[in-house]
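Asks: how does the following fold in three dimensions:
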Amino acid sequence: MKSRVCVVLLLLAGSAAAQLDTGSILRHVRVRVAFVNGVCDLATHVRLIGRSGTVAEGGTNEQCEVEFANVPIGTYHLNVSGQNFANTDDIVSLSSGSTELEIKVKRTSDAEGMAGVPASPFVSAADLGIPAGAQKEFDKANELIGQQDLAKAIQRLNRAIAIYPAYAGAYNNLAVIYARQGDREREREVLQKAISINDHFAPAYLNLGRMNISTGDFPGAESALDKASSFDPTDAMTMVLLTYTEFMNRHLDQAIATSQKAHSLQGPHAFVHQVAARAYEQKRNAANAITELEQFLKEEPEGPRAEIARKELAEVRAIPH
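Replies: Numbers count the residues shown, from 1 in each chain. Below is the predicted model of the structure:
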C-alpha cells in the first residue's frame, strides 16, 4: 500500500521577484482575501513579508479586506492565515500601478477547486517497511487532515510514530499540520527529524524549502530544494520553487537552467517562465526575456498572472534594441 505524504502548497502569483526599493513608498495598499464560497472569515490575518521580515500585517474587516500604509515598492510574500483553511503563501510584486491585491483562499470543505492549484496537497511515496498498525494510524490522520481536525490528526500521527519510530512520512505530515497552525519551531523540528531518519526523503526537503521561503531564508530554501530535486528530479513543484529561490539569491544562470528542466516536466510550471524572463531582463537579454514571457502566455493565457505577463511583455518589447 502507498502512504500519502503531505506537501505544503506554496502558491506563486505575480511577476518574478525584484529587489526591494526602499526609496519608493506606496502610501496605501489594499489586500482582499477571496474565499471560494464568498463567505469571509473575520479571524483571517494577512502579513506582507520582505527580505528582512514582516513589513505590514493586520486582520481583515467585514469586507475581507485589510489596508496597509507606507509600504516600500518591491516583491513580498503575502501570507494569509486563519481558521478552517491552510495557511496560504503567495508572492506578489507591488509597484506604483499595483496597490490593489487579491488572494484566493479555499477551505477544505469547499467543493470548488481554485484555478491553477493542484486538487490535492499530497504526493505518493511507498515504504514497504511500515507495520500495518502504523499505516492505519497514518491513513486515518490523512483523513482527519482533510477534515481540518488537526488536533486528532496529530494524535494519530504520534500513535503511528509510537508503533514505528522510523516513520519519516509521519514526521513530515506533522510538519504540514504545524505549518497550518503557524508553529514554525515545531514544523522545523519534525522536518529535521524526518530527514535524520531518511536523508533521501524528498518531500521533507521540499517542505523545508517552502518553509524557508516563507521566512525569507532564500539560501536555506535553495539548499533544501536542491536536495529535494536531486532525490526526485521529476517533481514540477520542486523545480518551480527552486527556480524562484535561485533567482532570489541572484543565481540567474542557475534559475534559467532550472526553469528549462521544469518546462520538460509534467505538472504546473508556467511560473518558471516569468522567473526566467526576469532573470534574462537582469542579464540585459531582452530577446530571451520575450521568448520566456510568450511561452508563459501559451501555457497560462488567462488569469491575473497572464495580465502581469502581458504588461511586462509590452514593456520589454518597447525597450530599444
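
Asks: what residues are up against residue 221?
Replies: By CB atoms under 8 Å, 6 or more residues apart in numbering, residue 221 lies in contact with 209, 210, 212, 213, 241, 245. Every residue, glycine included, has its C-beta placed from N, CA and C.

Asks: can you say which helix or strand has the third one in it?
Replies: Element membership for residue 212, per DSSP states H and E: helix 202-214.

Asks: surely residue 207 is in contact with residue 174?
Replies: No - counting by CB atoms under 8 Å, residue 207 does not reach residue 174; the two are 10.5 Å apart.

Asks: hmm, back to that, could you check the angle helix 202-214 makes with the very next helix or strand once past the helix holding residue 212?
Replies: Remark: after helix 202-214, the chain's next helix or strand is helix 218-231, criterion DSSP H and E. Helix 218-231 runs at 160 degrees relative to helix 202-214, counting by axes from the mean of the first three to the mean of the last three CA atoms, to 10 degrees.

Asks: and the next helix or strand past helix 218-231?
Replies: Helix 218-231 is succeeded, C-terminally, by helix 236-248 (DSSP H and E).

Asks: so where is the stretch 201-321 of the chain shaky, pLDDT-wise?
Replies: Residues of the stretch 201-321 of the chain meeting the criterion pLDDT under 70: 321.

Asks: if we can go back for a sec, quick check: of the contacts of residue 221, which lies closest to residue 105?
Replies: Of all these, residue 210 has the smallest distance to residue 105: 17.1 Å, by CB to CB.

Asks: I figured that closest one was touching residue 242, is that so?
Replies: No - taking contacts as CB under 8 Å, residue 210 lies outside contact range of residue 242: 11.0 Å.

Asks: give the buried residues for stretch 222-240.
Replies: By neighbour count on 16 or more other CB atoms under 10 Å, the buried set for stretch 222-240 is 222-229, 231-232, 235-240.

Asks: check for me that residue 297 belongs to a helix.
Replies: Yes - counting by DSSP: H, G, I helix; E, B strand; the rest coil, residue 297 falls inside a helix.

Asks: just among the contacts of residue 221, which is most surrounded?
Replies: Highest neighbour count within the contacts of residue 221, by other CB atoms under 10 Å: residue 209, with 31 neighbours.

Asks: redo the contacts of residue 221 as TSV? Include distance to residue 290.
Replies: Shown next, in TSV, are the contacts of residue 221 (distance: CB to CB, whole Å):
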residue	distance to residue 290
209	30
210	30
212	32
213	28
241	25
245	24
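
Asks: thinking again about what came up before, which one of residue 207 and residue 174 has more residues nearby?
Replies: More crowded of residue 207 and residue 174, by other CB under 10 Å: residue 207, with 28 against 25.

Asks: quick one: that one and residue 279, what's the gap?
Replies: According to CB to CB, to the nearest Å, residue 207 and residue 279 sit 25 Å apart.

Asks: domains in this protein, as residue ranges please.
Replies: Split into domains by automatic domain parsing, the chain comes to 21-105, 125-199, 211-317.

Asks: any idea how far the last one is from the chain center?
Replies: Looking back up the chat, that one is domain 211-317. Averaging C-alpha positions (CA atoms, centre = their mean, to the nearest Å) puts domain 211-317 13 Å from its chain's average.
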